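S.K.: Provide a 3D model corresponding to the input given below.
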Amino acid sequence: MGETQITVAKYLQIRLEQMGLKHLFGIAGNYTAPFLNTILEDKQAKIQVINDTNEINAGHCTDAYARLNGFGAVAVTYGVGAFTLLNSVAGSFVEHCPVLVINGAPTSSDQLKNIAQGLLSSHMTGDMYSNINVYRNVTVAAEQVTGAADAPYKIDALLNACILYGKPVYLEVFEDVWRMKCAAPSTDLVKRSLKGCHENAQKAAKKVAELAKGKEIIFWAGEEIHRYGLQQEFLNLIEETDTEFVTSILGKSVISEDHPRFKGVFNGNASPKDVQERFKKAGVKIAVGVWTTGKNLGGFDVWNDDTVLANHSGVRIGAAYEPNVSLKDFMHYLPQALLEVKFEAYQMYGAAKLKSSFFVAAAGESKGKKTGITYDLFFAKMNSFINKSHVVVADAGFPLLGSQGIHIAEANGFVAQASWLSIGYSVPAATGVKCARPDKRVVVFVGDGAFQETCQAISTQNKLKHNTIVFVLDNEIYGIEQLLVNPNPFRGKDKIDYPLEDLNEVYAYNEMHPWKYSKLVDVFGGTGFEVSDMEALDEALDQLDGIEGNTIIHVHLPKTSIPEAIAYKNGKPGEDEFLNPKWDLC
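M.R.: Numbering: from 1, shown residues only. Modelled structure (predicted):
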């Protein structure tokens with residue numbers, strides 16, 4: 001591979017390029033500068049260094065990039081940078097995103113002065129293991145490189161672990177070590193994948209087939225189909241058995257929703273009513289790669305005998321469990337096992353595929369008259385606006401719930417951090433999505449509270465000349481937080497008149513700072529719109545094709561509007577309502 005001795009920084013650059021990395025995100029710091037300069041000085045480098053506005057944005061950006069690229073990397077500086085990044089990396093850990101964290105640390109001399117004299121250099125806590133110990137909690141492997149001799153081994157081990165487990169890893173390099181010489185790579189990286197027991201996979205497939213015998217089955221597809229690159233295997237499963245499927249909210253768009261066997265997103269009680277009612281009637285639900293998280297389940301009990309759960313850790317069939325089964329092997333053996341027994345493919349809608357019920361109703365309301373915007377009216381309009389040229393990124397809360405019914409024709413065309421749920425994820429994530437898929441236009445749905453967390457990401461998109469569209473859904477409050485603790489203000493005519501007045505209104509601490517969101521383009525760059533009714537929204541949408549740069553559309557919503565998907569919460573007591581006699585829980 002050319003030189004036999006190269007710097008540690010160059011070694012890492014070579015390995016990252018072999019991993020297919022084209023964009024490195026982060027915030028520059030002096031402890032990481034030797035590595036960044038190595039890339040900058042290399043006019044043949046395949047990696048573009050993208051400086052973001054803060055570490056949280058850089059981390060969310062890297063997370064989304066890794067989802068679509070298969071691997072991502074973020075570089076920060078010691079202490080202040082690494083600790084700020086921690087939230088983003090925790091999200092990547094929970095949601096299985098292969099991300100490398102590169103943290104530059106003080107020099108060996110600085111570390112010794114701290115030990116011998118108590119002298120703290122910039123960003124040090126006094127404990128030379130403080131950064132790496134924190135990251136051990138949200139990574140599958142973490143290494144501290146204090147010299148050049150073992151740097152190649154540690155770097156290679158981390159990258160292999162990142163791909164093997166599909167989760168973040170952490171690399172900390174002392175500043176002076178970057179320039180030290182080490183042996184150049186002599187072989188390519190070995191990209192391994194987890195292997196399961198084929199015998200166990202066959203046994204699991206046969207047990208599922210026995211459960212399905214004489215019953216109507218449906219598949220429930222989850223995010224692991226995407227994370228482990230198993231879209232084709234899932235397509236084969238659907239087509240060989242000629243069986244319909246729904247997806248989880250985390251698994252939305254794992255394959256194109258144009259597929260004739262796709263019947264919607266099942267998200268427990270938070271599903272569109274038509275999907276929820278029909279899915280629950282299936283005789284056997286076979287979940288493939290679905291995670292048992294609150295957002296995926298929405299109150300649905302998966303621990304029933306009619307539900308199979310197959311994911312990276314094994315397969316649960318009723319009370320039985322087969323461990324050490326790879327999802328790929330299970331999907332390989334399952335079609336044949338099912339075809340050997342007499343099962344029925346459950347039909348949710350018969351021959352015709354229906355649209356989500358609330359989209360049908362909402363679309364009808366807006367015809368022929370000027371009307372205010374509600375969540376369901378807005379997302380009904382978006383359902384006709386979104387097409388194959390777009391990738392949708394939805395933020396936590398009402399935007400995620402409202403957008404789950406949008407038809408996504410593009411496989412992997414919907415991105416959301418739907419388990420970790422860090423509000424503000426969507427706007428910086430859109431930068432990573434666009435870098436990974438430059439052929440697509442990214443559309444972001446974000447609440448006003450979430451947008452205020454990470455709005456600086458707009459300036460990064462403008463700098464990179466992205467054409468991203470950000471819809472800021474402004475209901476003036478942290479709506480989902482209010483709904484969870486006290487949904488009373490959202491009940492309309494069914495609102496309870498509590499003697500304690502605070503229970504009748506949105507809590508003061510959930511009131512947002514009033515921003516003119518469309519005016520932020522005067523600072524960050526781009527084009528801005530502000531809309532308060534459906535006609536104005538239509539006018540803004542009509543202009544988008546002629547706009548080459550990034551766009552913010554400020555959408556005004558009533559304070560107590562909520563998506564129909566979460567309306568079931570109104571019929572239950574919030575966390576602050578349990579003392580009311582109406583909710584007799586005994």
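
S.K.: low-confidence ranges in the stretch 201-350 of the chain?
M.R.: 295-296, 298, 350 (pLDDT under 70).

S.K.: okay, helices next: where are they in the stretch 151-300 of the chain?
M.R.: Remark: helices of the stretch 151-300 of the chain, listed N- to C-terminal, are 151-165, 198-212, 224-227, 231-241, 273-280, 294-297; assignment by DSSP state H, counting those that start in this stretch.

S.K.: pick the most buried one from those helices.
M.R.: helix 224-227 (a mean of 24; mean count of other C-beta atoms under 10 Å). Quick note: C-beta positions are derived from backbone N, CA and C, even for glycine.

S.K.: I'd like to know which elements that helix is packed against.
M.R.: For helix 224-227, the contact count by 3 or more C-beta pairs under 8 Å, 6 or more residues apart in numbering; DSSP states H and E identifies helix 231-241 as packing neighbours.

S.K.: so for Lys342, which of the helices of the stretch 151-300 of the chain sits nearest?
M.R.: Taking C-beta to C-beta as the criterion, Lys342 comes closest to helix 198-212 out of the helices of the stretch 151-300 of the chain, the separation being 9.1 Å.

S.K.: relative to helix 231-241, how tilted is the closest one?
M.R.: With axes from the mean of the first three to the mean of the last three C-alpha atoms, to 10 degrees defining the directions, helix 198-212 sits at 40 degrees from helix 231-241.

S.K.: list the contacts of helix 198-212.
M.R.: Counting by C-beta atoms under 8 Å, 6 or more residues apart in numbering, helix 198-212 makes contact with 283-284, 286, 305-306, 308, 310, 314-315, 317-318, 320, 322-326, 329-330, 332-334, 336-338, 340-341, 343, all of which sit outside it.

S.K.: next, count neighbours for the spatially closest residue to Lys46 that is not a sequence neighbour.
M.R.: Spatially, and ignoring its direct neighbours in sequence, Lys46 is nearest to Glu17 (4.7 Å; C-beta to C-beta, 6 or more residues apart in numbering). With neighbours defined by other C-beta atoms under 10 Å, the count for Glu17 comes to 16.

S.K.: before we move on, what about Glu481?
M.R.: Other residues near Glu481 number 16, with proximity taken as other C-beta under 10 Å.

S.K.: ok, now Thr293?
M.R.: The number of residues packed near Thr293 is 19, by other C-beta under 10 Å.

S.K.: how about the nearest residue to it, chain neighbours excluded?
M.R.: For Thr293, the nearest residue in space outside its immediate sequence neighbours is Ser419; the separation is 4.6 Å by C-beta to C-beta, 6+ apart.

S.K.: next: Leu421.
M.R.: Computed as C-beta to C-beta, 6+ apart, the closest residue to Leu421 that is not its neighbour in sequence is Ala396, at 4.1 Å.

S.K.: my read: that neighbour touches Gln417, true?
M.R.: Yes: shown here, Ala396 and Gln417 form a contact pair, counting by C-beta atoms under 8 Å, at 6.8 Å.

S.K.: with neighbour numbers in mind, choose between these two.
M.R.: Gln417 (29 against 24).

S.K.: and for Ala396 and Gln417, which residues touch both?
M.R.: When contacts are counted by C-beta under 8 Å, 6+ apart, Ala396 and Gln417 are jointly contacted by Tyr425.

S.K.: list the contacts of stretch 153-168.
M.R.: By C-beta under 8 Å, 6+ apart, the residues outside stretch 153-168 that reach it are 11-12, 15, 19, 71, 89, 92-93, 96-101, 138-143, 145, 169-171, 189-194, 227-228.

S.K.: just the buried subset of the residues you listed, please.
M.R.: 11-12, 15, 19, 71, 89, 92-93, 96-101, 138-143, 145, 169-171, 227-228 (16 or more other C-beta atoms under 10 Å).

S.K.: in strands, which of the residues you listed appear?
M.R.: 99-101, 141-143, 145, 169-171 (DSSP state E).

S.K.: biggest separation within these, which pair?
M.R.: Val99 and Val145 (18.1 Å).

S.K.: which of the helices of the stretch 151-300 of the chain sits closest to Asp376?
M.R.: Ranking those by proximity to Asp376 (C-beta to C-beta) places helix 273-280 first, at 12.2 Å.

S.K.: surely Val470 meets Val446?
M.R.: Yes: counting by C-beta under 8 Å, Val470 does reach Val446; the two are 6.5 Å apart.

S.K.: now do the contacts for the spatially most central residue of the chain.
M.R.: Closest to where the C-alpha atoms of the chain average out (C-alpha atoms, centre = their mean) is Gln417, at 2.8 Å. Under the criterion of C-beta under 8 Å, 6+ apart, the contact partners of Gln417 comprise 60, 63, 91, 95, 396, 425-426, 429.

S.K.: which stretches of the stretch 51-200 of the chain have low pLDDT?
M.R.: Counting by pLDDT under 70, the low-confidence segments of the stretch 51-200 of the chain come to 119.

S.K.: try it again at 80.
M.R.: When residues are selected by pLDDT under 80, those of the stretch 51-200 of the chain lie in 107-120, 124-126, 190-194.

S.K.: with the stretch 351-500 of the chain instead?
M.R.: Counting by pLDDT under 80, the low-confidence segments of the stretch 351-500 of the chain come to 351-369.

S.K.: what's near enough to touch Phe279?
M.R.: Residues in contact with Phe279, defined by C-beta under 8 Å, 6+ apart, are 218, 220, 246, 263-264, 266, 271, 285, 348.

S.K.: swap in Ile477?
M.R.: Taking C-beta under 8 Å, 6+ apart, one finds 449, 506, 510-512, 559 in contact with Ile477.

S.K.: try Val391
M.R.: Counting by C-beta under 8 Å, 6+ apart, Val391 makes contact with 410, 412-415, 433, 437, 440-443.

S.K.: okay then, goodbye and thanks.
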